[in-house]
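Q: next input, structure requested:
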Amino acid sequence: MYPAIHRAVIESIKQEVTSSDDPAHLAPEARSGRHNAYGRALEGKDPYPERKDDTPYGLGLDYVTGLGPRHKDFTNGDTMADRVQSMESMKDIRRQTVEQWESTGETQGSAAFSISESGKIGAAKKLVGEDLPAIVTNDPDHLGEAFMSSYNVKYEVRGTDPDGSLVVQYTLDNTTSTESALHFIGYYDWLKYAEIADGPITSAVSQTVTWTERIPGKSR
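A: Okay, the predicted model is just below:
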């Protein structure tokens, strides 16, 4: 059973999202925000949590010092959610989402971005040409990707619009550990054993980023 406050919020947001004959009566960002709040309420979470301004720099410091919470959640409006949404690789994630949706009709699925697909040389070029410069310059379009490295996301299509656009909730789980930190020297099989160096200093931290956005259908 949902707490009484969440039941009320669920009904309120559901009416706001579905009450109009024109699903686009809300601006895209507002519509995505409503769906995100609705999804959080269904999960028993605060539908409108206080904004979190954690950055990749701060999360990296939590890992290095062993201080702070070992896990943090982020959602629409949070700095980390903004960084993830703006990642260059998300363009391909969105493409995978639309193609899977239009080919299978399944509302749930997963998509992935892998640095290793381009091989060690390609990974090294990305490290030198994109990741390290992004860290130095605080590049908002590449900093999130430099922090996340390779990743998988789960998605759920929450709704569709007449123009073919999808309202999609994405969930990305990430762990910052010695293994992931060492990707800055390259990508090797032996890195999977590096986690034995974690803790109490350089203690692994994890993040879950869940956000909802509106993306054009393939026909757009």
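Q: count of neighbours near residue 158?
A: Number of residues near residue 158 (other Cβ atoms under 10 Å) recorded here: 20. All C-beta spots, glycine's among them, are computed from the backbone N, C-alpha and C.
Q: Three-state assignment for it, please.
A: strand (DSSP: H, G, I helix; E, B strand; the rest coil).
Q: that one: what's it in contact with?
A: Applying Cβ atoms under 8 Å, 6 or more residues apart in numbering to residue 158 gives the contacts 35, 38, 39, 167, 168, 169, 212.
Q: out of those residues, which sit inside strands?
A: Those of the contacts of residue 158 mapping onto strands are 167, 168, 169, 212, per DSSP state E.
Q: the first one is in contact with residue 34, isn't it?
A: What that stands for is residue 167. No: the pair residue 167 / residue 34 is not scored as a contact, 9.1 Å apart, by Cβ atoms under 8 Å.
Q: which of the contacts of residue 158 sits closest to residue 156?
A: residue 169 (4.8 Å; Cβ to Cβ).
Q: roughly how far does that closest one sit from residue 210?
A: 7 Å (Cβ to Cβ, to the nearest Å).
Q: anything in contact with each of the two?
A: With Cβ under 8 Å, 6+ apart, residue 169 and residue 210 have common neighbours 36, 39.
Q: and the buried ones among the ones in strands among the contacts of residue 158, selectable in ChimeraX?
A: Restricted to buried positions by 16 or more other Cβ atoms under 10 Å, the ChimeraX selection for these reads:
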select :167,168,169,212
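Q: tell me the one among the ones in strands among the contacts of residue 158 nearest to residue 51.
A: residue 212 (15.7 Å).
Q: so what's the residue count around the nearest residue to the closest one once chain neighbours are set aside?
A: Nearest residue to residue 212 in three dimensions, chain neighbours excluded: residue 36, at 3.6 Å (Cβ to Cβ, 6 or more residues apart in numbering). The number of residues packed near residue 36 is 24, by other Cβ under 10 Å.
Q: cool, the one 4 residues further on as well?
A: Neighbours of residue 40 under the rule other Cβ under 10 Å: 24.
Q: so for the closest residue to it other than its chain neighbours, what's the pLDDT?
A: Leaving aside its chain neighbours, residue 40 sits nearest to residue 47 (4.8 Å; criterion: Cβ to Cβ, 6+ apart). Residue 47 is assigned 83 on the pLDDT scale.
Q: burial of residue 47, as a residue count?
A: 21.
Q: now do it against residue 35, distance only.
A: 11 Å.
Q: residue 68 now?
A: 30 Å.
Q: the more surrounded of those two?
A: residue 35 (22 against 15).
Q: can you list the low-confidence ranges for the chain?
A: 1-29, 31, 116-124, 127-129, 178-202, 218-220 (pLDDT under 70).
Q: show me where this protein has its helices.
A: 4-18, 28-42, 56-65, 79-85, 90-104, 119-126, 132-137, 143-148, 178-181 (DSSP state H).
Q: correct me if wrong: residue 55 contacts residue 81.
A: No: using Cβ under 8 Å as the test, residue 55 is too far from residue 81 to be in contact (11.7 Å).
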